[in-house]
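Engineer: Need coordinates for the following:
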Amino acid sequence: MKKILSAILLTSTLLACKNSSTINTDEAGKVIITYLKGNPEYKTTRFNFGELRFNNEKEYAELENYRQLANEGYITLTLLSAKKKFLSKDSSYVYSAKLTQKASNFVLKQETDKATVKAITYELTDEKPVDFSKVTDVTAKVTVSLKKTNTPFAAFQKKPEENSEFLTKTYHLKYDKEEGWKIKK
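Structural biologist: Numbering: from 1, shown residues only. So this is what the prediction gives:
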């Protein structure tokens, strides 16, 4: 009888430990890392491809961005026609730009001549620790610093010069008895 009571007491103690809603900074960081693997943080921009026309100095700067992508293998860039204007700085160039398989990791939505691409991705930094406060026994508020990483398409943003190299983001965690701590959406 004592053995049965001891076994029941031990089992209930183990179950109570498993269902514990305690959390520390390391566990909160692991929850955020797991969440970011499935739901990455990023900024997007629009990217034009297909037949592209470059006529003036401003557009030539954009052509250099396309050439850089072509050199890195994200697009193929083929000159279709070039019209040199006599005694003028401005000439007209027509190129054909096509996305390659290498660009598929950054393309979120593709139309006939435009694509929505990832311009910046954000990853959890190691330098700044996770800052969290436990609101109740089953909820917590976690603030993390995410490091900004430019993708090859970052030059196509409307404002490529950003004021910050990181993003501070706050996540709300909730404790579930079956799944443990997870991000509350």
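Engineer: what ranges do the strands span in the chain?
Structural biologist: In the chain, the segments counted as strands under DSSP state E are 41-48, 50-54, 75-83, 92-99, 107-110, 114-124, 131-134, 139-150, 166-176, 180-183.
Engineer: So for residue 34, which of those strands sits nearest?
Structural biologist: Relative to residue 34, the nearest member of those by CB to CB is strand 180-183, separated by 8.5 Å. In this view, the C-beta of every residue, glycine as well, is placed from N, C-alpha and C.
Engineer: would you put the C-alpha positions of that closest one in CSV?
Structural biologist: Extracted C-alpha coordinates of strand 180-183, given in CSV (Å, rounded to 0.1, in the frame of the first residue of the first chain):
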residue,chain,number,x,y,z
GLY,A,180,4.1,25.0,-22.8
TRP,A,181,5.0,28.7,-23.5
LYS,A,182,4.2,30.0,-27.0
ILE,A,183,3.7,33.3,-28.7
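Engineer: Which pLDDT value belongs to residue 129?
Structural biologist: Listed pLDDT for residue 129 reads 64.
Engineer: weakest of the strands of the chain in terms of mean pLDDT?
Structural biologist: strand 131-134 has the lowest average pLDDT among the strands of the chain, namely a mean of 74.
Engineer: mind listing what's buried in that strand?
Structural biologist: Across strand 131-134, burial judged by 16 or more other CB atoms under 10 Å covers 132, 134.
Engineer: which helices and strands does that strand pack with?
Structural biologist: helix 25-38, strand 139-150 (3 or more CB pairs under 8 Å, 6 or more residues apart in numbering; DSSP states H and E).
Engineer: try it again with 10 Å
Structural biologist: On a contact count with 3 or more CB pairs under 10 Å, 6 or more residues apart in numbering; DSSP states H and E, strand 131-134 meets helix 25-38, strand 139-150, strand 166-176.
Engineer: Tell me the helices and strands packed up against the first one.
Structural biologist: Counting contacts by 3+ CB pairs under 10 Å, 6+ apart, helix 25-38 packs against strand 114-124, strand 131-134, strand 139-150, strand 166-176, strand 180-183.
Engineer: Pipe the ones you listed into TSV and attach distance to residue 60 per row.
Structural biologist: Formatted as TSV, the helices and strands packed on helix 25-38 follow (distance: least, CB to CB, whole Å):
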stretch	distance to residue 60
strand 114-124	21
strand 131-134	46
strand 139-150	22
strand 166-176	32
strand 180-183	45
